[in-house]
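Q: how would this look folded up:
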Amino acid sequence: MTTLELQQKIDKFDELIKGFGDESFNSKILWQMKSEISEHFRGTMFADADEKKTAWDRFESLAQSLKDKQDAVTLDNEKFAEEAEQLVNRIKEIIGEGFYINNPEKEAITELKGLIEKAFDYFKQSRWPSKERRTKVWDNFNGLREKLRKEEDSFYSVLREKKVAQTERSHQLSSIILETIDACHPDSSTTILFQLLQQLTAHLISIGFTEESVAWILVNKEAEPRTPLKMKSEGLREVRKLLNENREDITRDDKQRIYAKLEEISTELNKAWDIHREEQQKKQAEWEERKKLGEVKRADWLKKQGDFLKVLEEKLEKRNSDKVNLERILVSKKDFLTRQQGRLQNQIGFLQKIREDLADMQEKINTAWTDTFKERMTEKIAFKETKIIEVSTDIEDVKVKITDVEKDVIDITEKLANIDKSVEELAQKIEEVKKNLEPSSSE
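A: Coordinates of the predicted model:
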């Protein structure tokens, strides 16, 4: 080997040492290069002893720098392992004897899963002091994950069972409520209505309500002989009150069927009340009849305005709920995008490192003295080339994911802007209707 070739080797050795501990944590190549350069000194012809000493002194200084950096990386790796162990121990403390025993809040579950994901990232890195230590911590961590998974399966299994039981209770209660609503039809018998109200009261007591809490359901029995329409209207009011106070006990599908039936019977009752009022108005003088007609029209208009206000408020509530859901999805998408961007950078860096390794191996083949060493390097080069294909494929996959999620972020952001505009329009319309419902100065 010529002195120029040896100097180039030492320059490359210097360059790799500078990146060790910052860009790379793998010292195996550096120590191998140190041994090779040391061997090259024996076979290199120098112009004189001073030239050899100068080159050797520089090489020795670089070797000492490598040792110092190796010590620093080893210490840093030790801290890295300790951080991972502390994180796993923290997860173990949180899980304890049973994480799901006390029905944790959604925030606590999210926090724990975040810690698990964070811990999992530690095992993806090659900064562990030893394979044995990583394996020990991994086994502990993996055992905790398996324990948590079994607890989670059991926890959600119980929730599903409760949901099934709640659905059955909802169906039973809804069946009685729908019969009661039907009995509030203007043409139905008030006796049947009262019997169904009694049945509803008995059912509520059977599922845990106290007699005092449902006594109000039957308070209108005394009004039956004189004002049957009033009893039926009050029956609907009582059903609405029951629904409002027990929303959690009735499923959404059942509530939709009940509200549809309420709307249907309410319409019929309104018609019956209109007829009743008209009959009463006929008994009044012509001037009183005109006055009553105006009051009926005003009441009808106010009812429509009130119904319209309710529809608007429900729409506003739905828009706000949609906004909250979309904002949560947007945060999740942005978090996923950040992780994928980070993965892309890591893979690009990893690909660059593989290519540098490949170039270094190729250089070693070019300068190798033995066929055995060349064959070993050739096998490693084939492995690295395969790895380059794998990592390049993964990079393209990650780029596709990033493109897709960026599109999702734009779409969701546009949807949020549309929702904000809709919320503003609804709020303005609600204020207009509320002003219409305010009593006028002449009333």
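
Q: chain neighbours aside, what residue packs nearest to residue 434?
A: Using Cβ to Cβ, 6 or more residues apart in numbering and skipping the chain neighbours, the partner closest in space to residue 434 is residue 309 (6.8 Å). C-beta coordinates here come from the backbone N, C-alpha and C atoms, glycine included.

Q: for the one you found, pull up the helix or strand it's in.
A: helix 286-367 (DSSP states H and E).

Q: tell me what that helix is packed against?
A: Under the contact definition 3 or more Cβ pairs under 8 Å, 6 or more residues apart in numbering; DSSP states H and E, helix 286-367 sits against helix 28-42, helix 252-282, helix 371-437.

Q: surely residue 83 touches residue 122?
A: Yes: counting by Cβ atoms under 8 Å, residue 83 sits close enough to residue 122 to count as a contact (7.4 Å).

Q: so what sits against both of the two?
A: Here residue 83 and residue 122 have no joint contacts, going by Cβ atoms under 8 Å, 6 or more residues apart in numbering.

Q: among those two, which residue is more densely surrounded?
A: residue 122 (20 against 12; other Cβ atoms under 10 Å).

Q: give me the nearest residue to the more buried one, chain neighbours excluded.
A: residue 84 is the one closest to residue 122 (Cβ to Cβ, 6+ apart), at 4.0 Å.

Q: residue 316 contacts residue 419, doesn't it?
A: No: shown here, residue 316 and residue 419 do not form a contact pair, counting by Cβ under 8 Å, at 10.6 Å.

Q: kindly check the end-to-end length of stretch 11-30 for me.
A: From its first residue to its last, stretch 11-30 covers 12 Å (Cα to Cα, to the nearest Å).

Q: what pLDDT does the model give the spatially closest residue to residue 436 that is not a sequence neighbour?
A: Once flanking residues are discounted, residue 436 sits nearest to residue 305: 5.3 Å by Cβ to Cβ, 6+ apart. Residue 305 is assigned 81 on the pLDDT scale.

Q: what's residue 305 in contact with, if anything?
A: By Cβ under 8 Å, 6+ apart, the contact list for residue 305 reads 433, 436, 437.

Q: now list the buried members of the residues you listed.
A: Buried by 16 or more other Cβ atoms under 10 Å: residue 433, out of those.

Q: and of the contacts of residue 305, the nearest to residue 377?
A: Proximity to residue 377 was ranked across the contacts of residue 305 by Cβ to Cβ; first place goes to residue 433, at 81.9 Å.

Q: contacts only, for the closest one.
A: When contacts are counted by Cβ under 8 Å, 6+ apart, residue 433 is found next to 305, 308, 309, 312.

Q: next, count neighbours for the closest residue to it other than its chain neighbours.
A: Using Cβ to Cβ, 6+ apart and skipping residues adjacent in sequence, the residue nearest residue 433 is residue 309, 4.6 Å away. Residue 309 is flanked by 17 other residues according to other Cβ under 10 Å.

Q: tell me the centre residue of this protein?
A: Central residue of the chain (Cα atoms, centre = their mean): residue 332, 5.8 Å from the mean position.

Q: quick one on the thing from earlier: for the contacts of residue 433, which one is nearest residue 63?
A: Residue 63 has its nearest neighbour among the contacts of residue 433 in residue 312, at 79.5 Å by Cβ to Cβ.

Q: residues contacting the closest one?
A: Residue 312 is in contact with 426, 429, 430, 433, counting by Cβ under 8 Å, 6+ apart.

Q: hey, which helix or strand in the chain has the poorest pLDDT?
A: In the chain, the helix or strand scored least confidently by mean pLDDT, DSSP states H and E is helix 211-214, which has a mean of 52.

Q: check the offset of the helix or strand that that one is followed by from the chain's centre.
A: Next in sequence after helix 211-214, counting helices and strands by DSSP H and E, comes helix 228-245. Computed by Cα atoms, centre = their mean, to the nearest Å, the separation of helix 228-245 from the middle of its chain amounts to 41 Å.

Q: what's helix 228-245 packed up against?
A: Secondary elements touching helix 228-245 (3+ Cβ pairs under 8 Å, 6+ apart): helix 131-182, helix 190-206, helix 252-282.

Q: could you rerun that using 10 Å?
A: The contact analysis (3 or more Cβ pairs under 10 Å, 6 or more residues apart in numbering; DSSP states H and E) places helix 228-245 against helix 131-182, helix 190-206, helix 211-214, helix 252-282.

Q: lowest average pLDDT across those?
A: By mean pLDDT, the lowest-scoring of these turns out to be helix 211-214, with a mean of 52.

Q: give me the distance between residue 231 and residue 269.
A: With distances taken as Cβ to Cβ, to the nearest Å, residue 231 is found 11 Å from residue 269.
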